[in-house]
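Colleague: I would like the atomic coordinates for the input below:
(chains A and B)
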Amino acid sequence: MPMTDSWQTAEIPGPKKASLIIKPDIADAMIRRAKRPIMIVGHGILEYEVEGRKLIECLIELSKRGNIPVVATASTNREFLDRGFSPAALMPAVDIANRLTDTAWKGLDGKESYDLAIFVGLPYYMEWTILSGLKHFAPQVKTMTLDCVYQPNASWSFPNSTIKDWAANLACIVANLGD
Amino acid sequence: MYEYPAGELLSRKGVNIQIKELNSDIAHLRDISLTIGAIHDEKWDEPMGPTPFPSLTTLRNWDLALLNRYKPFYLPFCDLCCLCTYGKCDLTGTKRGACGISMPAQQSRTVLITACIGAATHIGHARHLLDHLVEKFGSDYPINVGGTGVEVEAPVIRLVCGIKPVTLGDLEPVLDYCENQVTQLLSVTHTGQEGNHLDFESKVLHAGTIDQVGMEVADIAQISALGFPKADPESSLADLGMGTVDTTKPVILVIGHNVPPSTEIIDYLQKKSLTSDVEVTGICCTALDITRYSSKAKIVGPISWQLRYIRSGIPDVVVIDEQCVRADTLQESAHIRAPLIATSEKNCLGLPDRTEDPVDEIVHDFLTGKQTGALILDPVKVGEVAVRTSIGIAPQRKKHKSLPHSKEALVALAKKCTQCVLCRRACPNDLPLPAAIKSAAQGNLSGLDEIYDDCLGCGRCEPPCAQKIPIHSLIVAAAEKKTRDETYCIRTGRGAIQDVEIRKVGGPIVLGEIPGIVAFVGCANYPKGSREVAEMCMEFAKRRYIVCTSGCSAMSAGMYRNEDGKTAYEQYSGHFEAGGIVNVGSCVSNAHIAGAAIKIASIFAKRPLRGNYEEIADYVYNRVGAVGVAWGAMSQKAAAIAAGFWRLGIPVVVGPHGTKYRRMLLGRSDKEEDWYVYDARTGKKVYGGPVPEHLFFAAETKEEAMVMIAKLTMRPNDTSKGRANKLANYVDLHKRLVGGIPSDVHQLVRTLADVPLTMKDEIVCHLHDNNWKEHPIPDPTLLKRMVHKEKEH
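Modeller: Modelled structure (predicted):
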């Protein structure tokens, strides 16, 4: 399938569509360039496991190495806690997204606005609509999705890919940040 | 716009003639006034409130007060506007269309269109139903929704319109008003009308109010005239589920919302003593309403059961009326050789109109296969045709189904799969169909069987398949045992809540001893199957909330058995009380849930009801811990229903698909300045706390929803005992479902007396860590005019 097709075929976006992350270095560069990134992790991430390793563990690594605060949505929090990792906040996805549209909002720590919001693990259609909200009403925030499916309303998105390739990409991003 | 002055009502067909002076051959007349038609005998002595029959802007200030606190967060489903020939216009970001419209205005405009569609649908249904009932029973037929147990028979109509309907005929001017308002509201969405998103949103709320009136008209009319349960907490249990259908008999399937054709089927069966010989089964709200009419009728399931039930071949005749009927029902029925009868002007399906034809000819044409469907707009005729056709055709059809006939046939179909994944990409819930089909091709049906539980039944997986595999049929066939085991029960829709029940629970609700009212309403577009609704209902009932159900959610609530083998309706009482699970009925019965909240304000708190919308809504918003949950909200009607609740100050939680309604109404608990209220005792503006935090909220998972529901029952006026009870539930659910103590507890504790005793140590520790400060509990109101008014409660 074309790399910029929405995963759910009817979710036709546009005219403004996400740029493709064709290799992990791009995501890595976006994270490095960001002054104040934040990562929103939905419960969908809990479903995925590659070679015996849960992908949520990869995100914990990403958060630590990239110094990216995590907002856990829904029941994701417990999985983080079970792994000895405390998210910066526990908040519903629509709630954190709504705050990101507020240019006066100084972030979870009250210090400064975020300039990069990384999304992963929300239901595809919910992430689609939330990213659309941010595309239109939070121009000050770049958005990136680390899911294995193309999210056209993000600023940056991976193309649709296999779980195995996805896991490899995430691992690569994490590894690069550790360099 | 025509205004409806207080106490001066005419029926829809009434004519008022005033003659100043008339000279004729026989007389010279002066100042003559003639009224022809129904004369409304006004016997309601309550003084008229300030806003009877509100127009589009009458309640605008109230709306803006809510919208100032719960600002819209738009989630555009499309970046474009394509509603006029200027377009398509790209509205991305800050761009404006050729007409000048902005993206926020366009989104709110779309929400208004959605709400208008929903309201028009309920009102159209109400009109259709009322016309039929007036024709059959007469306009003087008395309204009776609960005998002496329900003196406030129409709380929504009394509140919004300021009238007290006594007869069916009295409902006609109410519908006139609704139709007028919906027309005005829809006109607002024309190019070059409204341009401000908050004004669009105010009109969305108005559409919700009008929708609530229309729903109340429909349900109190049918309760009164058709003998439905009248506010009966112990209404009978009806069979629910595909497995309850006796397939050895001819089976009629009714689908939709407008019940008269179905009641005529029941009547004909009784008249001919055939009641035990034919099964009458239903899907969607017609099913709910037909079980309110006849204890013999059975409910197959929610809207999502249409494809699976028809393809099972069980129905011999399919009768459709209006709303939520699949547009391909005629084709699906043809596949199983079951004739289809369309009964509504709103849903003709291209069928020939046989309304005036003799019954014998229509039945003959069905039985000989000359015709696969017909439009019959006479409900009585539908009754006879449906029954006679079902009896005649059942032996011929032999339950011919369009599902794979054997496991071998299923496996053979699965083997055609090329794993292109287009089925999964079309599935609204992104279900793992390709993997399940791959397993099925190897003879393992467990994957498809599991998918059945989460499947919406929409069939969207099938059209993209290049191999033309009937994927939905594969799912249903793989889960055949499950469908046979669908043998549940549901308490039939009781309709209104009795005044005496309100008197009993009003105090405990307002004081917080009952932690809240949670209403599970709406469609079946669930993210993970209907079981989640049942689980949520049972959890909140167990926690002594009052749980209400309606529509497809009422069915879903019953389609699950606990470890004792009991359904929610068998385990919990139907009384409007702590721990009750109260099925009010069909979609239009949602008006009774709003009505209950209104009656708490008027009966328990003795607030003036008549045409007094703002004060009652202000009371409900600040004191009545009610929350609506539309976990599978799909339709425009659901949007309108939600809007009606919002305006009454009742928050609504939807499932993740609900983000597709394009906007949320979210509060900001971190902005203290947003949460000030007037203290009615002093007139000062005081901090009331971030409760209820949101007005329209989409939850990602059931767990997130349950925690949010518990939080949204909090109100500024909660007593400390009540707040402690609500907090205990919120914190406990949070700890159990999400993990840890909620980070916002310090925002929800006003005084130390609010802290639940069993959680005192950890919460006090949390308060300390968050620099918590005590603040007084106000006598809260958003209305300045309510300051210094003497309060009953």
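Colleague: Would you state the helices of the stretch 201-350 of chain B in chain order?
Modeller: Assigned by DSSP state H, counting those that start in this stretch, the stretch 201-350 of chain B shows helices spanning B:260-271, B:285-293, B:306-311, B:329-335.
Colleague: Which strands and helices lie in contact with the last one?
Modeller: Right, the one you point to is helix B:329-335. helix B:306-311, strand B:317-320, strand B:340-342, strand B:373-375 (3 or more Cβ pairs under 8 Å, 6 or more residues apart in numbering or on different chains; DSSP states H and E). Quick note: C-beta positions are derived from backbone N, CA and C, even for glycine.
Colleague: So for A:G107, what's the pLDDT?
Modeller: What the model reports for A:G107 is a pLDDT of 98.
Colleague: List the contacts of it.
Modeller: Going by Cβ atoms under 8 Å, 6 or more residues apart in numbering or on different chains, A:G107 touches A:36, A:38, A:113-114.
Colleague: so of those residues, which ones are in strands?
Modeller: Using DSSP state E, the members of the contacts of A:G107 that fall within strands are A:I38.
Colleague: How about the residue of the stretch 251-400 of chain B found nearest chain A, nearest residue that isn't a chain neighbour?
Modeller: Of all residues in the stretch 251-400 of chain B, B:A327 sits closest to chain A, at 16.4 Å by Cβ to the nearest Cβ. The spatial neighbour of B:A327 that comes closest, neighbours along the chain excluded (Cβ to Cβ, 6 or more residues apart in numbering or on different chains), is B:L349 at 7.9 Å.
Colleague: mind putting the helices and strands packed on helix B:329-335 in CSV, distance to B:F604, mean neighbour count and mean pLDDT included?
Modeller: Converted to CSV, the helices and strands packed on helix B:329-335 look like this (distance: least, Cβ to Cβ, whole Å; neighbours: other Cβ atoms under 10 Å in any protein chain shown; pLDDT from 0 to 100):
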stretch, distance to B:F604, mean neighbour count, mean pLDDT
helix B:306-311, 41, 24, 98
strand B:317-320, 42, 29, 98
strand B:340-342, 46, 27, 98
strand B:373-375, 49, 22, 98
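Colleague: can you redo those as CSV with distance to B:V654?
Modeller: Listed next are those as CSV, based on distance: least, Cβ to Cβ, whole Å:
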stretch, distance to B:V654
helix B:306-311, 22
strand B:317-320, 27
strand B:340-342, 31
strand B:373-375, 35
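Colleague: want to try a markdown table for the ones you listed, with distance to chain A as columns?
Modeller: Conversion of the helices and strands packed on helix B:329-335 to a markdown table gives the following (distance: least, Cβ to the nearest Cβ, whole Å):
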| stretch | distance to chain A |
| --- | --- |
| helix B:306-311 | 19 |
| strand B:317-320 | 26 |
| strand B:340-342 | 28 |
| strand B:373-375 | 29 |
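Colleague: For B:P432, which of the ones you listed is the nearest?
Modeller: Judged by Cβ to Cβ, the one of the helices and strands packed on helix B:329-335 that comes nearest to B:P432 is helix B:306-311, at 19.0 Å.
Colleague: same for the closest one, what does it pack against?
Modeller: Looks like helix B:306-311 contacts strand B:251-255, strand B:279-283, helix B:329-335, helix B:471-478 (3+ Cβ pairs under 8 Å, 6+ apart).
Colleague: Could you single out the most deeply buried of those?
Modeller: Neighbour counts (mean count of other Cβ atoms under 10 Å in any protein chain shown) averaged over each of these peak at strand B:251-255, with a mean of 29.
Colleague: Quick one: mean pLDDT over it.
Modeller: Throughout strand B:251-255, pLDDT has a mean value of 98.
Colleague: elements contacting it?
Modeller: Other helices and strands packing on strand B:251-255, by 3+ Cβ pairs under 8 Å, 6+ apart, are helix B:260-271, strand B:279-283, helix B:285-293, helix B:306-311, strand B:317-320, helix B:379-397.
Colleague: Run through the neighbouring helices and strands of the third one.
Modeller: In this case it means helix B:285-293. Packing partners of helix B:285-293 (3+ Cβ pairs under 8 Å, 6+ apart): helix B:197-226, strand B:251-255, helix B:260-271, strand B:279-283, strand B:298-301, helix B:551-558, strand B:581-585.
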